[in-house]
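Asker: next come a sequence and a model predicted from it.
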Amino acid sequence: MLASAHPWLKRDWPLLVCLSIPAILAVGLLLYMAGWVLVMSFTDLSLFGRKATEWSFIGLENYERLFTRRGFLESLWVTVIFTFFSSIIGQNILGFVLAGTLRNQPGLLRSSIESAVILGWVLPDVVAAFLWSATFTPNGLVDLAILQPLSIETRNLINDHPLLIVILANIWKGTAWSYILYSAALDSVPREVSEAAKVDGATPMQRMFFITLPMIKSHIATNCLFITIGSFVYFPLIFALTGGGPGTKTQVLSIFVYNESFSVGKLGYGSAISVAMLIIVAIMSIFYVRLLREPK
Amino acid sequence: MQDTQKSYTTAIILALIALIWVSPFSWLAVNAVNPEADGSLSWPNSVGFQNFAEAMSGQAGGQFMNSLFLSILTSTLTVIIAVFAAYPLSRLKIPGRNAFLWALVLLRMLPATGVIVPIFFTAKSTGMLNLVGVAIAITMLNLPFTLLLLKNFFDTVPVELEEAAYSEGASFFQIMRNVMLPMSRAGIAVVWFFSFTTAWNEFLLPLIFVRKTADFPMSVGLFASFGEHSSVNYGFLASYSILYAVPAVAVYFLLRRNLNTGFAGVGVKG
Amino acid sequence: MKINNVILASTLSALVGTTAFADISIMYRGQFGSLIDPGIDAFEAATGETVERIALPVDGYDDRIALDIASGTAPDVLHIDTGFVQRLSANGNLHALNGMADKWDQWQYYPEATLNATSVGGQVYALSTDTDARMLWYSKKAFEAAGIETPWMPKTWDDVFAAAEAIKEATGTQNALVIPAGTKQEEATTMQGFYMVLLGADTPEGDMNRLRNRETGQWIGKSPALKRALEFYHKAYIEDGLAEPGDQYSNDVGAFMRQGLIEGDVGIWASGSWENNCIWDCGGTNLPPQAERDEVVHWAPFPGSGVEGAPEFSNISAGWTIAVNEASENKELAEQLLMAIFDRENFEPWVLENGRMAVRSDIAATDAYKSDAFFAAVTPLNEKTTKRDAVPGYYYVSSQVQKMTADILDGVSVDDALEEYYEALVDEFGEEAVAVYE
C-alpha cells in the first residue's frame, strides 16, 4: 500500500497519520456508540422505570417481535415508496436539473430560486408542517387559488392523498441538498472536456450522458446514499403533518419506531428496529456502490 | 434564433418552479405580519411588526449568538478534521476504503434517541455538557459523510498537479494549500455549509446538553411558541422562524461563489 | 486554516471562563414561567441564594428529565407531570416531602385528595400546581341549527348520539361528535378520549370501568367496559360517520376543533377544563368576558353509558407538579424554594389569571375563585374524579390504547382490535398480570 504510494505521501506519512488522529478518534467513538446501540437491541432496556436500571439480555426477542407484530412490514413498504419517489426520483433528479440549468441563468432568476429552495431546506420541520398543511387543507392555498375559482368541491387533500403530500413536502424540503451537491460536482467537471465534445458535434444530451454523468458518478452515488438514508429516518415533518395517518397510510418506519418504542421509552426494541432499518438500507445501497466501481 | 427561444422557455419554466416553490411560504408571511395571527391562511386585518418585536425581545439575541457560535464551530471543526483525513483516504489505495466509508455513513441511521444515551454519558464524563460538546458530537456524527464527500472531490483533482508541486520541493502543507484546497473549494464549501445547517437546525442535542438557559440556541428558542394543550403562538412562531431561517440562507449566498468557480479558472498552472 | 484555529482557540477559552455554579437549580416547562419565575425571585430575595433556572420547551422535556436523572445531572427541583411522579418515585428518584408539613404553615391547605394524587405508599413526592377536569364541549351554533335546547344535559350515551345525529342531519358537518382518537394525539387520546368513555362504560365496582385493577395490580386485557368503549368509537367514527378519522391526524388538531366549535363546524368535542380559555386564547391574554364565551360554546359533563351501575358522568384529572430530586445536596433549600413558589401571595394570582382549577382549599375558598362562574360550575365535577394509572407500564398500555382506537378508525372490527390489545398486554406483562373479565 505504502510502497506503491506517491513519493510525497511516503515522505510525509508520519504527518499524515498525526493529522488523521482526530478523525480516527471520532470514528472510533462512533463505532463504540454503534456497538452500544447494537448491544441495547438485545436487551429490554427502557428509558424509564425499573427496566432502566435492572435490564437484562433477552436474546433475539426484539428482532422476533419485528416480524410477529403487525406493522413493521407495512411500514417498510410505505417507507420504500416514500423514499423512492421523494428522494431518488424527486430530490435527486430535480436537484440535478436545477443545478444544470441554473448554472447558465441570469443572476436574479437564479438567486430567487436558490433563495426559495435553500429557505425550504433551513426552515425547521415543525414550521414547514404548518406551511404544508396550510397549502392543502380546506381554505388553504390550493383550495383558495385553484379549487374555489374553478368551483371544484373543497376536499381535505391531506386526508385524501396523504402519501403524495408528504412526498411532495419532502421533495420541497430536501431538494436543496442535491442541488448544492450537484452544483459543486458540476463545477469540478473541466469545461474543456465538454467544449471539446461540443466541437466534435455531440448533442447536449450526448454530452450529458457520455461526458458529464460518468465524471460525477461518485457524487451521484454519494448523494443517492445520503438522501436515501435521510428519507428513511425522516421524522418530524411527516409526524407533524399526518402523524403517520390517516390510519397507517403514511406510517413510515421512523414513525413506527417512535410509536412502538420511544414514545413509551423502550430503548431495546427501538434499537432493534433501527438496526434492522440499517441493514435494509445497507442492502439497498449495494446498488449505489456498483456505480462506484472503476471501469475495468 | 432557436436557441434564444429555447432559453426563454427554460426561463419561464424556471420562473414557474420558483413560484410553486415559494407559494407555501405565504402562510409564513401572512402570519408573521399579522399581529392577531391565528394560524390560518387569511389576509391580515392589519399589518404590523409586533410579532417580530416579540420574537426579538427576550432571549432571541443571545440565542442567535449561540446558534452562530455552535454552527461556525461545528462546520469549521468538521472541515479541518475531514480535510486531513480525506486526503490520505483519497490518495492511498487502502483496500476496502470505500466499503468502510459507506458502512460508516450508514451509522447515521441509528436513532437519535438511541445514540443520544451513550453520547450523553460520554459528554458528561468528559465535562462536555455544553455547546462545545454539542459541536463535537455533531462533528462526530457527520464525519463519515463529510469524509466520503470530500474524498470524492479530492479524487477529481489530477494527481499530476501534486507531482509537479512535489518536484518543485513543496512541503505537505504547501501542497494542501496551493493545490488540493483551491482545487476542491466547491467540495469544501458544500461540507462547510452542510455542517453549518445541521448544527443550525439541531434541536435535541443542545436541549439535552446545555446546562444554562442563557446557552440555548435558536433551535430550542423556537419551541417556546408551543404551549400546553396544543396551543400555538402563531405570530411568534412565524416571525421567529423567519429570523431563524434567513441567516442560514445568507450564509449560503456568502459561500455560493465557491460552488461556481469553473474548474479551469483556479490555478491549474500552479 | 490559521484563522480557523484562532477562532477556535478564542471561542474555547471564552466558554471556559463563563461557567459559574448557582446554589440551587430548577428545571421547568417554560409555559409555567408566570408561576415559577416570581416564586424564584421571592426566594432569591428572601434567602440571598442564587437559583439556576432551566426553562425548557414541551418537546424533548421527558427525554431530558430521564437522561438527567439517570446520569445524576438533574437539578435540585423538578417540574413534572403528575404521570411522572410515579414513574420517577418508583425508582427512588424523588425526595419525600412529608417533612414539610411541620415546617410550613400552608401545608394544611392541601386536601387529602390532592396529596394522594402525588403520593406513593403514603409518601408525598410532589406538590400540585393545578388540576383539571374533562367533559364534552359543544357548539351553540351547531345545537341551534339542530334545534337542540341548551344548556344541554345528556344523561346517557344515547342522548349524546341522538344530539350528534341531529347536528349531522341539520348542518352536514363531518365532525358532529369528536372523541380524540389515534396515535398522533398521544395522551390526549387516552385521557380526553378513551378513558372518559371507558369510565362511563361500566360500574366502578371492582374497577370494572378501568384499564387496571388497582386491587390486584393487573392490567385489564378484556372486559365488557373495554368492548363497549370500542363500540362507542366504532359507532361514532364508522357506523354513523359522526367524525372524520383523517382530522384526528391533522397538523394542529386543537386549533381545528376549537375553531370548528366557534363556527359550528364541530358539534361536540371531548376535551378538558382548560378549553374555557384555550378555545379563545390559551395564553389567557385575549379572552372575551365569560358571558360572551358562554354564548358561543358551552360544556356538559360526559354522561355514563346508561348500563346498570355505570356512573352518572365520567371525569378524570391530571395536572402538573413540582418535586425535589432525591439526589439533591440541597434538599433544605429546595423545599424552601417550593414554599416560595407555592406561597399563597405568589400562587393565588396565577391560579386565577390562568384559569386553573385550584388544588388548595384556601385558594378555592377565596371570593375571587368562588365568584368565577366557570370554576363554580366545574368544581363539583372533581368531587368525583380519578387519575390515570401512572404505575410503571402505564405509558405502554396507554400507547396500546391509542393504537387500538387507531385500528377502529382504520375499519378494524371491535373484536379484532380488542384481541390485539389483549395480546400486546400479555406479550409485555405476561399472562398472569393481565386480567380478563367476562
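Answerer: Noted; the coordinates are in hand.

Asker: who in the stretch 101-250 of chain B is up against chain C?
Answerer: B:113, B:116-117, B:120-121, B:124, B:129-132, B:177, B:203-204, B:207-208, B:211-213, B:220, B:223-224, B:226-233 (Cβ under 8 Å from any Cβ of the partner chain). The C-beta positions use only the backbone N, C-alpha and C, and glycine is treated the same way.

Asker: which non-adjacent residue is nearest A:Val122?
Answerer: B:Ala248 (3.9 Å; Cβ to Cβ, 6 or more residues apart in numbering or on different chains).

Asker: can you check the pLDDT for that neighbour?
Answerer: Predicted confidence (pLDDT) at B:Ala248: the value is 92.

Asker: what of B:Thr10?
Answerer: With respect to pLDDT, B:Thr10 scores 85.

Asker: verify the contact between it and A:Thr101 for me.
Answerer: Yes - under the criterion of Cβ atoms under 8 Å, B:Thr10 makes contact with A:Thr101 at 6.0 Å.

Asker: show me which residues of the stretch 151-300 of chain C are close to chain B?
Answerer: Taking Cβ under 8 Å from any Cβ as the measure of proximity, the stretch 151-300 of chain C contacts chain B at C:188, C:252-255, C:259, C:272, C:274-275, C:278, C:282-283.

Asker: out of those, which is nearest to chain A?
Answerer: C:Asp252 (7.3 Å; Cβ to the nearest Cβ).

Asker: now do the strands in the stretch 151-270 of chain B.
Answerer: With DSSP state E, counting those that start in this stretch as the definition, the stretch 151-270 of chain B shows no strands.

Asker: and B:Met128, its phi and psi?
Answerer: Torsion angles at B:Met128 (phi, psi; degrees, to the nearest 10) stand at phi -110, psi 30.

Asker: burial count for the nearest residue to it once chain neighbours are set aside?
Answerer: Leaving out its chain neighbours, the residue that sits closest to B:Met128 by Cβ to Cβ, 6+ apart is B:Ile136, at 6.6 Å. Neighbours of B:Ile136 under the rule other Cβ atoms under 10 Å in any protein chain shown: 21.

Asker: what about B:Ile136, helix or strand, and which?
Answerer: helix B:131-155 (DSSP states H and E).

Asker: quick check, pLDDT for the residue nearest to B:Met128.
Answerer: B:Ile136 is given a pLDDT of 94.

Asker: quick check: end-to-end length of stretch C:231-245?
Answerer: Counting by Cα to Cα, to the nearest Å, you get 15 Å between the two ends of stretch C:231-245.

Asker: list the buried residues of it.
Answerer: C:231-238, C:242-245 (16 or more other Cβ atoms under 10 Å in any protein chain shown).

Asker: next: stretch C:400-416.
Answerer: C:400-410, C:412, C:414.

Asker: which one of those residues sits closest to B:Leu106?
Answerer: Checking these against B:Leu106 by Cβ to Cβ gives C:Lys403 as the nearest, at 29.7 Å.

Asker: where does the closest one sit, in terms of helix or strand?
Answerer: Counting by DSSP H and E, C:Lys403 is part of helix C:394-409.

Asker: for the record, mean pLDDT for the helix or strand that that helix is followed by?
Answerer: Downstream of helix C:394-409, the first helix or strand assigned by DSSP H and E is helix C:414-429. For helix C:414-429, the mean pLDDT works out to 92.

Asker: residues making contact with helix C:414-429?
Answerer: When contacts are defined by Cβ atoms under 8 Å, 6 or more residues apart in numbering or on different chains, helix C:414-429 is touched by residues A:65, A:70, C:219, C:221-222, C:226-227, C:230-231, C:234, C:393, C:396-397, C:400-401, C:403-404, C:407-408, C:412, C:434, C:436.

Asker: go with 6 Å
Answerer: Residues from elsewhere that reach helix C:414-429 (Cβ atoms under 6 Å, 6 or more residues apart in numbering or on different chains): C:219, C:221-222, C:230-231, C:234, C:396, C:400, C:404, C:407-408, C:434.

Asker: what comes up buried for that helix?
Answerer: Counting neighbours by 16+ other Cβ under 10 Å, the buried set in helix C:414-429 is C:414, C:417-418, C:420-422, C:424-426, C:428-429.

Asker: okay, now the domains of chain B?
Answerer: Split into domains by automatic domain parsing, chain B comes to B:2-48, B:59-265.

Asker: pLDDT weak spots in chain B?
Answerer: B:1-3, B:111, B:113-114, B:260-270 (pLDDT under 70).

Asker: in a helix, C:Ser271, correct?
Answerer: No - C:Ser271 is assigned strand when assessed by DSSP: H, G, I helix; E, B strand; the rest coil, not a helix.

Asker: quick revisit: out of the residues of the stretch 151-300 of chain C next to chain B, which end up buried?
Answerer: C:188, C:252-255, C:259, C:272, C:274-275, C:278, C:282.

Asker: now intersect the residues you listed with the helices, please.
Answerer: Judged by DSSP state H, these include C:188, C:253-255, C:259, C:275, C:278 as members of helices.

Asker: flag whichever of the contacts of helix C:414-429 scores worst on pLDDT.
Answerer: Among the contacts of helix C:414-429, C:Tyr396 has the lowest pLDDT, at 86.

Asker: pull the residues that contact whichever strand or helix holds A:Leu9.
Answerer: A:Leu9 belongs to helix A:7-11 when assigned by DSSP H and E. Helix A:7-11 is touched from outside by B:91, B:166, with contacts defined as Cβ under 6 Å, 6+ apart.

Asker: export it to PDB, keeping only CA atoms.
Answerer: Extracted in PDB, the C-alpha atoms of helix A:7-11 (Å, rounded to 0.1, in the frame of the first residue of the first chain):
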ATOM      1  CA  PRO A   7       6.700   9.900  -3.100                       C
ATOM      2  CA  TRP A   8       5.300  12.900  -1.200                       C
ATOM      3  CA  LEU A   9       3.000  10.700   0.700                       C
ATOM      4  CA  LYS A  10       5.900   8.400   1.600                       C
ATOM      5  CA  ARG A  11       7.900  11.500   2.700                       C
END
